[in-house]
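Enquirer: Mind looking at a prediction? Sequence and model below.
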Amino acid sequence: MRHERGEMFGRPRSTTHESIESVALDLFHRDGFEQTTVDDIATAAGISRRTLFRYFASKNDIPWGRFSEGLAELARRLEEAPHDEPVWQALHDAILDFNAVPAGGEEQHRGRMRLLLGTPALQAHSALMYAEWRGVIARFVAERRGIAADDVRAVVVGHAALGVSLAAYETWLAHDDADLGEQLDAALGALRDHLAE
């Protein structure tokens, strides 16, 4: 809090990606994504617009949280997978890890995913994020198979893995008692079994 002459009283509010996300997600759910402005988020978070943009490049990036960091971790996890491990098993395990929800975070994650999957204004931005995710998968498959990352055999695995993951999320969101990890495991297993037939 600032006094009229500019002196600071008390501790400044701690600003983190997570604190801004939490405030923004609450506003998006309460008021709607399109109706919530960047100024609304900044005010509710107790920060300036400029500070908000140091954490997130755009309003559309906020629901995605720290997706880029998660993507880098997914790529690292795949790179470190043992070379004698089957490609599908490495993908299965890495995708489950990538989508693991921290204890106590399920409700917020459900809200985030409902927003991402159900908000038309986010679909174009989401398509860009999905392309990055598919690219990580395709590059891993290409490296393991000794083919180019844009080879259709690598690209199709990226698309299939994304489709399976989104199907698991849709099922999880439709059933409040469903477990996301179980849904992903079942969906990935179904694709593996189908491809093995």
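Expert: Received, thanks.
Enquirer: in whichever strand or helix holds Ala131, what counts as buried?
Expert: Take DSSP states H and E as the rule and Ala131 turns out to sit in helix 123-145. The neighbour-count check on helix 123-145 (16 or more other Cβ atoms under 10 Å) flags 125, 129-130, 133-142, 144 as buried. (Glycine included, C-beta is placed from N, CA and C.)
Enquirer: could you give the mean pLDDT of the helix or strand that that helix is followed by?
Expert: Using DSSP H and E, the next helix or strand after helix 123-145 towards the C-terminus is helix 152-174. Here helix 152-174 scores 97 as its mean pLDDT.
Enquirer: what is the orientation angle of helix 152-174 with helix 123-145?
Expert: Orientation check (axes from the mean of the first three to the mean of the last three Cα atoms, to 10 degrees): helix 152-174 against helix 123-145 gives 130 degrees.
Enquirer: and whichever helix or strand comes after helix 152-174, C-alpha only, in PDB?
Expert: Counting by DSSP H and E, the next helix or strand C-terminal to helix 152-174 is helix 180-196. This file holds the C-alpha atoms of helix 180-196, laid out as PDB (Å, rounded to 0.1, in the frame of the first residue of the first chain):
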ATOM      1  CA  LEU A 180      -7.500 -38.000 -15.400                       C
ATOM      2  CA  GLY A 181      -4.500 -40.300 -15.200                       C
ATOM      3  CA  GLU A 182      -6.800 -43.400 -15.600                       C
ATOM      4  CA  GLN A 183      -8.500 -41.800 -18.600                       C
ATOM      5  CA  LEU A 184      -5.200 -41.000 -20.200                       C
ATOM      6  CA  ASP A 185      -3.800 -44.400 -19.500                       C
ATOM      7  CA  ALA A 186      -6.900 -46.100 -21.000                       C
ATOM      8  CA  ALA A 187      -7.000 -43.800 -24.100                       C
ATOM      9  CA  LEU A 188      -3.300 -44.300 -24.800                       C
ATOM     10  CA  GLY A 189      -3.600 -48.000 -24.300                       C
ATOM     11  CA  ALA A 190      -6.600 -48.200 -26.600                       C
ATOM     12  CA  LEU A 191      -4.600 -46.500 -29.400                       C
ATOM     13  CA  ARG A 192      -1.600 -48.700 -28.800                       C
ATOM     14  CA  ASP A 193      -3.800 -51.800 -28.900                       C
ATOM     15  CA  HIS A 194      -5.700 -50.600 -32.000                       C
ATOM     16  CA  LEU A 195      -2.400 -49.900 -33.800                       C
ATOM     17  CA  ALA A 196      -1.100 -53.400 -32.900                       C
END
